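Asker: For reference, the sequence and a predicted model appear below.
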Amino acid sequence: MDIVPGADHRPMLTLQQGTQLTLRLYGVTLTEISTLPSYNDQNFLIVTKDNKYVLKIMNSEESMNPTRMEVQTLAMSFLRQEGVPSPIVVPTTTGKLMSMEEIDCGHGAQTYCVRLMTYLPGKTVAESPVTVQDLYHIGKLAAVIDTTLKQLVSPNLDVLHENKGIWSLSNIPLIHDYLSVMDGDPLQIVIKAVIEQYKLHVAPRIVSLRKGIIHGDMSDQNIIVTPVDNGRHEVSGVLDFSQLMIDCYVFEVAITIAYMMMENPSPLHVGGAVLAGWESIMVLSDEEKDSLFLLVLGRLCQSLVYGRYNVTKYPDNKEYLLTTAKSGTLLLTKLWEMGKKNVERKWFTDAAIFKEK
């Protein structure tokens, strides 16, 4: 989910175009088609007589880098083989895992990367009353994904180093370029302060933090869960590998904590559970732990600012783009007011209690 100023890169196919594309590329006869929510791409739910699929059409900006798409597709397939519930990409009738299609969505013909993926059952974390035990398992799964991806082999992995874009937590200062969308909002003062603290305390140490391939977007919209027993859930799907990149492992922890807090009625209980789950696989260094608070706040700032910016570009998608606006504003304000020491004390104490269980 990246953002690009200027041209409109988001695909906006009609249901009829989606139907024709699915039939032509995959030979699949639909019984039903409907749109699924998406940030900057387009997703259709495809129902046939026997199965359900998701037709994913990437925005034209990201589609300009098909090698990156190939690595994302490879990562999904590899993780699936290793037991992670990620989607499987269905080949076209000619055996290709993705197809570059020139389509006119009403603002001139552009090239979009098209993939058909298996549908994963369940509901998003955002829609589910997850327990702290569930959050522990989500933190653990995030670490499992990243440690498993250490074994990924491809001659094209270097593409994950390139052009990390404005969503990378190494690029928090780039929020400044979009801050005018917050003019008149008192939250702008907090966001500016977070950026300055990040530049002082986190940016200088990024070079020394451990790095590897990370999912990069373990959000409450991208993790699918199904109920098991006693109100608990199990993860039945991890979606959206478009932010796959080589970056700091602690970024993955921070992103997961930030998003898991969003719709949670007790957001302060989230950090310790996610952290304990992560550290059951990969223990954070003191330096990584010391960066966590500002990284979580940085992701909240990114989400709020870029969501509001994208509404100016895609007003028809306002509801989805501002998903984080209400809870994110309250969260950012509360965490900033509590301060680093108090929040860390809560997170680290909770994590220690989890480990003792």
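Answerer: Good, I have the coordinates. The structure displayed is predicted, hence computed values, not measured ones.
Asker: remind me which residues of the stretch 251-357 of the chain are low pLDDT?
Answerer: 314-326, 357 (pLDDT under 70).
Asker: before we move on, what about the stretch 101-250 of the chain?
Answerer: Checking the stretch 101-250 of the chain against pLDDT under 70 turns up 163.
Asker: What ranges does it have for its strands?
Answerer: For the stretch 101-250 of the chain, applying DSSP state E, counting those that start in this stretch gives strands covering 109-118, 123-124, 211-214, 223-227, 233-238, 245-248.
Asker: Which one of the ones you listed lies nearest to Asp183?
Answerer: Smallest distance to Asp183 across the strands of the stretch 101-250 of the chain (Cβ to Cβ): 30.5 Å, for strand 245-248. Backbone N, C-alpha and C define where each C-beta goes, glycine included.
Asker: May I have that closest one exported as PDB, CA atoms only?
Answerer: Extracted C-alpha coordinates of strand 245-248, given in PDB (Å, rounded to 0.1, in the frame of the first residue of the first chain):
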ATOM      1  CA  MET A 245      11.000  -5.600   2.000                       C
ATOM      2  CA  ILE A 246      14.400  -6.100   3.500                       C
ATOM      3  CA  ASP A 247      14.300  -3.900   6.600                       C
ATOM      4  CA  CYS A 248      14.700  -4.000  10.400                       C
END
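Asker: And this protein, what are its domain boundaries?
Answerer: 15-118, 123-356 (automatic domain parsing).
Asker: Looks like Asp240 contacts Asn222 (just checking).
Answerer: Yes - Asp240 sits in contact with Asn222 when judged by Cβ atoms under 8 Å, with a separation of 4.7 Å.
Asker: now the helices: where do they sit in the stretch 101-250 of the chain?
Answerer: In the stretch 101-250 of the chain, the segments counted as helices under DSSP state H, counting those that start in this stretch are 132-148, 187-201, 249-262.
Asker: mind giving me JSON lines with those helices and columns for distance to Leu294 and mean neighbour count?
Answerer: Shown next, in JSON lines, are the helices of the stretch 101-250 of the chain (distance: least, Cβ to Cβ, whole Å; neighbours: other Cβ atoms under 10 Å):
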{"stretch": "helix 132-148", "distance to Leu294": "19", "mean neighbour count": "22"}
{"stretch": "helix 187-201", "distance to Leu294": "5", "mean neighbour count": "16"}
{"stretch": "helix 249-262", "distance to Leu294": "9", "mean neighbour count": "26"}
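Asker: coming back round to it: which of the domains of the chain is buried the deepest?
Answerer: domain 123-356 (a mean of 19; mean count of other Cβ atoms under 10 Å).
Asker: Tabulate the domains of the chain (CSV), appending distance to His9.
Answerer: Converted to CSV, the domains of the chain look like this (distance: least, Cβ to Cβ, whole Å):
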stretch, distance to His9
domain 15-118, 4
domain 123-356, 9
